[in-house]
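**Q** model the following, please.
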Amino acid sequence: QVQLVESGGGLVQAGGSLRLSCAASDRTFSRYVMGWFRQAPGKEREFVAAKNWGGGSAYYADSVKGRFTISRDNAKNTVYLQMNSLKPEETAVYYCAAESGFITRATMTPGYWGQGTQVTVSS
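**A** Now for the predicted structure:
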């Protein structure tokens, strides 16, 4: 059972930056695909970014390419999401997710979820 705990959400003005962190409990963290999803009020949860284990590739939703960066520190069992040039429409609860295996495109089928962290972007 993998437990994921997000942190780093908050209130930021449009055009600003935030960095989210997600700490995982599992010692085999390095073998999971780690990613981020978000869910805005009244909308479905959507994929944001993911990164394979080891030195694997990162994948992004088209809407965040060039502005968001996912990274991971396997020694710390932690994955990060650096978000720059944030937009008001990106106000959402951001969820960390984990999937065993390997991905080859910008999608995940998570087996584990964090509790979410609120990101609010003011205009």
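**Q** low-confidence stretches in the protein?
**A** Low-confidence segments of the chain, defined by pLDDT under 70, are located at 55.
**Q** at 50 instead, please
**A** Segments of the chain classed as low confidence (criterion: pLDDT under 50) are not present in this model.
**Q** against Ser123, how distant is the spatially most central residue of the chain?
**A** Within the chain, one residue has its C-alpha closest to the average C-alpha position: by CA atoms, centre = their mean, that is Trp36, at 2.3 Å. Noted for Trp36: a distance of 23 Å to Ser123, by CB to CB, to the nearest Å. Backbone N, C-alpha and C define where each C-beta goes, glycine included.
**Q** with adjacent residues omitted, what lies nearest to Ser7?
**A** Residue nearest to Ser7 in three dimensions, not counting chain neighbours: Ser21, with 5.1 Å by CB to CB, 6 or more residues apart in numbering.
**Q** partners of the one you found in the sheet?
**A** Here Ser21 shows beta-bridge partners Ser7, Tyr80, assigned using DSSP bridges.
**Q** contacting residues for it?
**A** 6-8, 78-80 (CB atoms under 8 Å, 6 or more residues apart in numbering).
**Q** let's see 10 Å
**A** For Ser21, the set of contacting residues under the criterion of CB atoms under 10 Å, 6 or more residues apart in numbering consists of 5-9, 73, 76, 78-81, 96, 117.
**Q** among those residues, name the buried ones.
**A** Burial by neighbour count, 16 or more other CB atoms under 10 Å: within the contacts of Ser21 this picks out 6, 8-9, 78-81, 96, 117.
**Q** let me see the ranges of the strands in the protein.
**A** For the chain, the strands defined by DSSP state E occupy 4-7, 10-13, 18-24, 32-39, 46-51, 58-60, 68-73, 78-83, 92-100, 112-113, 117-122.
**Q** those: which one's closest to Ala106?
**A** Nearest to Ala106 among those is strand 58-60 (3.9 Å), distances taken as CB to CB.
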